[in-house]
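**Q** Need a 3D model of the sequence below.
(one chain, ligands or ions: 1)
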Amino acid sequence: MSNGQEGNGNRAVSPNGAAPQPERRYAQIVGWGCHVPEKVITNKDLEQIVDTSDEWIRSRTGIEQRHVAADPKETTATLAIKAARKALETADVYPRHVDLIICATSSPEHTFPATASIVQDALGAVNAGAFDLSAACSGFVYGLALARGLILAGDAEYVLVIGAETLSRIVDWTDRNTCILFGDGAGAVLVAASNVPGGIQATVLGSDGSGADALSLPAGGSAMPASLETVSNGSHYIKMDGKAVFRFAVRVMADATRRVLEKAGLAVDDVDLVIPHQANKRIIQNSILRQLKIPEEKVFINLQKYGNTSTASIPIALCEAIEAGKVKPGQNIVFVGFGAGLSWAAAAIHWSVPVEKREYGWWRSYQRRASYQAAAARSMWKRALRRVYSQVLPTPDEDEWPETSPVKEPEGSD
Ligand code: UT7
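**A** Prediction:
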């Protein structure tokens with residue numbers, strides 16, 4: 001941590017006890033959190049909806065159940081906010097210190113504004129920029145690559161990277177090819193500048209747009225704007241050529257892992273843990289296990305519980321791997337994902353941060369809760385002010401603009 005703020009960026013430990021090197025910057029994951037909706041849909045439940053079976057889904061994908069946002073008030077942003085708050089809490093960093101919020105999502109609240117801006121407002125991250133990142137299931141790792149770049153360049157101290165989805169809202173529940181696969185949820189990490197060696201060492205990003213048709217949501221964009229026809233023929237739902245995506249995924253998961261390890265100066269044997277995109281157990285087996293010969297105990301899989309949560313799958317798996325005691329300081333960890341685009345991404349991380357849960361005491365929790373309430377109040381106040389001004393005040397002509405704006409925006413202090 002270079003700015004002396006609170007947080008556990010400076011809890012990073014040097015893996016071999018070597019003295020920290022103050023002159024270099026590193027991008028460390030110092031906070032993590034996830035949230036999934038309560039409602040669970042099992043494979044048996046799906047048997048009632050489409051022509052499928054628990055046996056088929058388990059054997060072809062490994063999925064046993066998925067969580068879905070059944071309450072209309074639960075959206076991509078609300079899931080993201082909960083995951084982001086947990087990540088900030090783990091790191092013990094206040095929202096006002098965050099410089100940037102990246103929300104990777106394929107099911108944003110709207111085409112615009114960005115879901116990340118809604119998250120920024122709810123967190124009270126008054127000093128943060130915010131944008132959504134569209135790289136489908138690879139999006140979370142794309143976000144990590146950006147966060148690392150900004151931190152190493154000295155342009156940011158804290159970047160919140162979120163993967164959040166409510167895919168259940170864009171899935172055709174009559175299409176057995178897709179509805180059995182996806183689930184809802186969110187995961188977030190806080191990436192911090194640190195002078196302790198380690199953290200995100202290398203990233204690999206890839207795209208092959210010639211495969212754009214293999215996995216897409218055809219309607220609702222400029223190529224096929226929403227119309228009665230697009231709605232009636234179901235073009236606002238996910239369309240997928242499962243076999244084509246499967247073949248592509250098996251190839252790129254192995255390739256991207258090899259390339260990111262090479263970039264980080266590591267061999268396959270140096271890897272302690274792989275956290276792959278949780279799409280299909282057979283994809284993971286055919287790529288990471290068979291091609292790279294990484295043993296099963298070094299690969300974290302939790303897709304049986306959540307299905308494919310797209311951008312959220314890797315951060316949710318990271319949280320569970322930490323919870324299960326699989327992540328330890330000194331380890332080399334690989335995140336690798338693939339998705340629509342077609343796209344792929346991998347990150348090699350030298351984990352250097354303690355993972356034990358720390359208790360911060362009631363005062364810290366109280367302060368944190370109060371800051372979220374203050375953020376909500378500030379947001380309401382600003383909305384009300386804007387409404388009043390837009391209804392009461394005429395827009396001044398150009399030469400009538402005063403030196404300072406008559407609309408005094410409430411200060412962003414908390
Ligand atoms: O984040 C990226 C998201 N996308 C993916 O990861 C998708 C990657 N692809 C896959 O995971 C697999 O291709 C699927 C799970 C989608 C499909 O598995 P598959 O082993 O490739 O099955 P298939 O498409 O070859 O279909 C085999 C049979 C077909 O019947 P016929 O033609 O052999 O009579 C399908 O109609 O299974 C049938 N089938 C089903 N049967 C029961 C397809 N879906 C289902 C289903 N339940 N849900």
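**Q** and Gly185, backbone torsions?
**A** phi 160, psi 180 (degrees, to the nearest 10).
**Q** which residue sits closest to it, ignoring its sequence neighbours?
**A** Val36 (3.9 Å; C-beta to C-beta, 6 or more residues apart in numbering). Every C-beta, even on glycine, is put in place using the N, C-alpha and C of the backbone.
**Q** So that neighbour is in contact with Tyr306, correct?
**A** Yes. Between Val36 and Tyr306 there is a contact under C-beta atoms under 8 Å: 6.5 Å.
**Q** Spit out the residues that contact the two alike.
**A** Listed as contacting both Val36 and Tyr306 by C-beta atoms under 8 Å, 6 or more residues apart in numbering are 67, 183, 185, 316.
**Q** Run through the residues that contact the residue nearest to Gly185.
**A** Counting by C-beta under 8 Å, 6+ apart, Val36 makes contact with 67, 79, 183-186, 306, 309, 316.
**Q** Just give the number of residues close to the residue of the stretch 151-300 of the chain found nearest the ligand.
**A** Nearest to the ligand in the stretch 151-300 of the chain, going by C-beta to the nearest ligand atom, is Gly242, at a distance of 2.9 Å. If you count neighbours by other C-beta atoms under 10 Å, Gly242 ends up with 15.
**Q** Just the ones in helices from the contacts of Val36, please.
**A** Applying DSSP state H to the contacts of Val36, the entries found in helices are 79, 306, 316.
**Q** Can you give me the pLDDT of the last one?
**A** Right, the one you point to is Ile316. Turning to Ile316, the model gives it a pLDDT of 98.
**Q** same check, this time on Ser413
**A** Value for Ser413, per-residue pLDDT: 41.
**Q** Listing request: residues of the stretch 251-400 of the chain with sub-threshold pLDDT.
**A** For the stretch 251-400 of the chain, applying pLDDT under 70 flags the ranges 398.
**Q** now do the stretch 1-150 of the chain
**A** In the stretch 1-150 of the chain (pLDDT under 70), the answer is 1-22.
**Q** let's see 80
**A** Within the stretch 1-150 of the chain, the segments meeting pLDDT under 80 span 1-23.
**Q** ok, how many other residues are close to the residue in it that the ligand sits nearest to?
**A** Nearest residue of the stretch 1-150 of the chain to the ligand, counting by C-beta to the nearest ligand atom: Thr52, 3.3 Å away. Under the neighbour criterion other C-beta under 10 Å, Thr52 is assigned a count of 17.
**Q** That one belongs to a helix, doesn't it?
**A** No. Per DSSP: H, G, I helix; E, B strand; the rest coil, Thr52 lies outside any helix segment and is coil.
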